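Engineer: Have a look; sequence and predicted model below, questions after that.
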Amino acid sequence: MTSDPYGVARCGWAGDTPVYQAYHDTEWGVPERDSRTLWEKLILDGFQAGLSWITILKKRDNFRRAFAGFDPDVIAGWGEDDITRLLADPGIVRHRGKIAATIANARAWQRIEAQQGFATFLWDYVDGVPLQPHRATLAHVPAQTALSQHMSKDLKAAGFTFCGPTITYAVMQACGLVNDHVVTCHCHDPLTKA
């Protein structure tokens, strides 16, 4: 648990970096139901693999610029020239596998979006209602769950990559499918009632 100079209690991972605290306070755990925004968060969490989230968060605007505002319909049409362009962009994480996966994942997103909607696909795992586990401390927050393992398996079957169960659980947390703010955090109760 951390708090700022004004005594605002937050989940300990929010630290004392203003951009991180703002993300924690206004985005993380807030139920997100927009298909494109959910896809963006899945892609960014895939880029985070092996890195810290603060690294990705600080580069998020650069990612949005480089990846056409995370428009999967645009990115689905990209190819090797775009991979080469992105590998030369110092504002993002330059990892060939993750960039290629983003293009493949855009195509997979299109298929799911056309069939049922990507937001519906993800929210069906929690029956459309955020899970409320009431974690007492960060030590009680898992890195993955049976549900995130199931989601990961289904995403991979649909053609997604860089979507292991730890990544899918991070997406569930970030997008409010599960309220993993600890009970002493100022965000916990409002999101429990949302």
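Structural biologist: Everything's here; your move.
Engineer: Now the longest helix anywhere in the chain: average pLDDT?
Structural biologist: Ordering each helix of the chain by length in residues (DSSP state H) puts helix 96-115 first. For helix 96-115, mean pLDDT is 98.
Engineer: Please tell me the pLDDT value assigned to residue 138.
Structural biologist: For residue 138, the predicted pLDDT is 94.
Engineer: how about the nearest residue to it, chain neighbours excluded?
Structural biologist: If you skip the residues right next to it in sequence, residue 138 has residue 12 as its closest partner in space, 5.2 Å away by CB to CB, 6 or more residues apart in numbering. Every C-beta, even on glycine, is put in place using the N, C-alpha and C of the backbone.
Engineer: circling back: can you point out the buried residues in the longest helix of the chain?
Structural biologist: Within helix 96-115, the residues that count as buried by 16 or more other CB atoms under 10 Å are 98-103, 105-110, 112-113.
Engineer: In a markdown table, list these along with distance to residue 194.
Structural biologist: Listed next are the buried residues of helix 96-115 as a markdown table, based on distance: CB to CB, whole Å:
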| residue | distance to residue 194 |
| --- | --- |
| 98 | 32 |
| 99 | 35 |
| 100 | 37 |
| 101 | 32 |
| 102 | 30 |
| 103 | 34 |
| 105 | 28 |
| 106 | 30 |
| 107 | 33 |
| 108 | 29 |
| 109 | 26 |
| 110 | 30 |
| 112 | 25 |
| 113 | 25 |
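Engineer: Pick the one among the residues you listed closest to residue 178.
Structural biologist: Comparing the buried residues of helix 96-115 against residue 178 with CB to CB picks out residue 112 as the nearest, at 20.5 Å.
Engineer: Let me see the contact set for the closest one.
Structural biologist: Neighbour list for residue 112: 118, 121, 158 [criterion: CB atoms under 8 Å, 6 or more residues apart in numbering].
Engineer: The first one and residue 37 touch, don't they?
Structural biologist: Spelled out, that is residue 118. No - using CB atoms under 8 Å, residue 118 is not in contact with residue 37, being 9.8 Å away.
Engineer: Produce a PyMOL select command limited to the buried residues of the contacts of residue 112.
Structural biologist: A single PyMOL command selects the buried members of those (16+ other CB under 10 Å):
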select buried, resi 118+121+158
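Engineer: Same list as before, the contacts of residue 112 that is, but in TSV and with secondary structure and distance to residue 58 included.
Structural biologist: Shown next, in TSV, are the contacts of residue 112 (DSSP: H, G, I helix; E, B strand; the rest coil; distance: CB to CB, whole Å):
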residue	secondary structure	distance to residue 58
118	helix	26
121	helix	30
158	coil	30
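Engineer: how long is stretch 83-101 end to end?
Structural biologist: Chord length of stretch 83-101, first to last residue, is 10 Å (CA to CA, to the nearest Å).
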